[in-house]
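# Sharing a model that was predicted from the sequence below.
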Amino acid sequence: MKIENYFKPKDLNEFFKMTQGHDHWKVVAGGTFVSRQKYVKVHTLIDIQELGFDYINDNGDLHIGSMVTFTEFIETNNDYANGTLLSSFAKCGPITVRNIATIGGNIMGGYYWNDTTPVLLFLEAKLVFLKESSEILEINVEDFINDRAKYKNMLLKEIILPEKYRNERVFFNRFARTESDIPTSIFLGGIVNGKNKIVIGASTVKPFAIISEDEITVEEIKAKAKEIHIMNDLRGSNEYKLKLINAQYKEYKETKDEN
Ligand SMILES: Cc1cc2nc3c(=O)[nH]c(=O)nc-3n(C[C@H](O)[C@H](O)[C@H](O)COP(=O)(O)OP(=O)(O)OC[C@H]3O[C@@H](n4cnc5c(N)ncnc54)[C@H](O)[C@@H]3O)c2cc1C
């Protein structure tokens, strides 16, 4: 990446003027991920700090602006879904990263092991994008996970968490080799609208959900993980990750049976 232009638009009109007519630009939010290796053809960076996406509106649905950093969210002590969102965001990298990394940047960064998409998938979050001339596109996070390329050059404005999960109890387990390491396996479970729901992330090429009226078995989860594709990488072999899912499932079942 050889940067020839660095722009900082003051409003959306300026933003869309700067992006019109060419593809070789990238948004910079916290800047912890935009790197030379990733975007070989990019010559223009557009800093979106002044577009006003650094808000949290917590009336009914929870609206989180894409420019909110992990630390900013954590400092609100928000208890949405009985603190599930807070528990997840509090683990997202070391504190030095959480202080500058934005939630929107994490979602758009697109690494398969990321912390945010599994929890957002469980909580049925919506993502709000702005297209040219400020046209609004609201999509389910599930559609984003399944077809990321479609949203590559769109501007993420905010994340919406539905009110219905506000007081839900969710089992959340994130396993990483060390406290501040990236996750190896993320497991979320609970009962939503009378149905069992489990979400697995970080160990597979993308997070996935299983929803069933019947008890979900660990065999079903493992079969789905294999179908989606379990990553064999520096964090461990796919066999190791299946064992982790097994252990997380066991813990989930124990917690569920106690309640
Ligand atoms: C040491 C270290 C440890 C880390 N550990 C973890 C971890 O444990 N778990 C984890 O999940 N992540 C981890 N990360 C990744 C980190 O969370 C992300 O780098 C960060 O969230 C990206 O946010 P950012 O604001 O810095 O985005 P940037 O680097 O500015 O941007 C990232 C990407 O998103 C795009 N983008 C950003 N904002 C928008 C927007 N509003 N609309 C459209 N596109 C946008 C950019 O163009 C770029 O492609 C770690 C990173 C580091 C450096």
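Perfect, thanks for sending it.

# From now on I want contacts and neighbour counts done on CA atoms only, so please keep to that.
Fine.

# pLDDT averaged over the helix or strand where L130 lies - what is it?
L130 is part of strand 126-131 when elements are defined by DSSP states H and E. Strand 126-131 shows a mean pLDDT of 95.

# Restricting to C-alpha, output that strand in CSV.
Taking Å, rounded to 0.1, in the frame of the first residue of the first chain, the C-alpha atoms of strand 126-131 are listed here in CSV:
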residue,chain,number,x,y,z
LYS,A,126,-28.4,-5.4,12.5
LEU,A,127,-25.8,-3.4,10.6
VAL,A,128,-26.6,0.0,9.1
PHE,A,129,-24.5,0.9,6.0
LEU,A,130,-24.5,4.2,4.1
LYS,A,131,-24.2,4.0,0.3
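
# what angle do the helix or strand following that strand and strand 126-131 make?
Per DSSP H and E, the first helix or strand lying C-terminal to strand 126-131 is strand 135-140. Between strand 135-140 and strand 126-131, the angle comes out at 160 degrees (axes from the mean of the first three to the mean of the last three Cα atoms, to 10 degrees).

# and the next helix or strand after strand 135-140 with the ligand, contact?
Per DSSP H and E, the first helix or strand lying C-terminal to strand 135-140 is helix 141-146. No: counting by Cα under 6 Å from any ligand atom, the ligand has no neighbours in helix 141-146; the shortest distance is 12.4 Å.

# What is the neighbour count of V28?
As a burial measure, V28 scores 19 neighbours (other Cα atoms under 10 Å).

# Quickly note the distance from the nearest residue to it once chain neighbours are set aside to the ligand.
Distances taken as Cα to Cα, 6 or more residues apart in numbering place D47 nearest to V28, at 4.7 Å, with adjacent residues excluded. D47 sits 8 Å away from the ligand, taking Cα to the nearest ligand atom, to the nearest Å as the criterion.

# Repeat that for T102.
4 Å.

# Phi, psi for that residue please.
Note on T102: its backbone torsions stand at phi -100, psi 160 [degrees, to the nearest 10].

# Now do the buried residues in stretch 22-33.
For stretch 22-33, a neighbour-count test (16 or more other Cα atoms under 10 Å) marks 25-30 as buried.

# Among these, list the two that are farthest apart in space.
W25 and G30 (15.9 Å; Cα to Cα).

# count of residues packed around H229?
Neighbours of H229 (other Cα under 10 Å): 14.

# Surely the residue nearest to V28 and Y6 touch.
Yes: assessed by Cα atoms under 8 Å, D47 is found in contact with Y6 at 7.3 Å.

# neighbour-wise, which of the two wins?
Between D47 and Y6, D47 has the larger neighbour count (other Cα under 10 Å), namely 19 against 15.

# Now do the contacts for the more buried one.
6-9, 27-29 (Cα atoms under 8 Å, 6 or more residues apart in numbering).

# Going along the chain from the host helix or strand of E219, find the next helix or strand for me.
Using DSSP H and E, the element containing E219 is helix 218-228. Where DSSP H and E defines the elements, the next helix or strand beyond helix 218-228 is helix 238-258.

# now the strands for the stretch 51-200 of the chain?
Under the criterion DSSP state E, counting those that start in this stretch, the stretch 51-200 of the chain carries strands at the ranges 56-59, 61-65, 126-131, 135-140, 155-161, 171-176, 183-192, 195-201.

# Indicate which one of the ones you listed is closest to L244.
Judged by Cα to Cα, the one of the strands of the stretch 51-200 of the chain that comes nearest to L244 is strand 183-192, at 6.9 Å.

# Adjacent strands (with direction) for the closest one?
Strand pairing for strand 183-192, determined by DSSP bridges: strand 171-176 (antiparallel), strand 195-201 (antiparallel).

# and N196, how many neighbours does it have?
For N196, the neighbour count with other Cα under 10 Å is 16.

# wait, doesn't R169 sit right on D79?
No: counting by Cα under 8 Å, R169 does not reach D79; the two are 10.8 Å apart.
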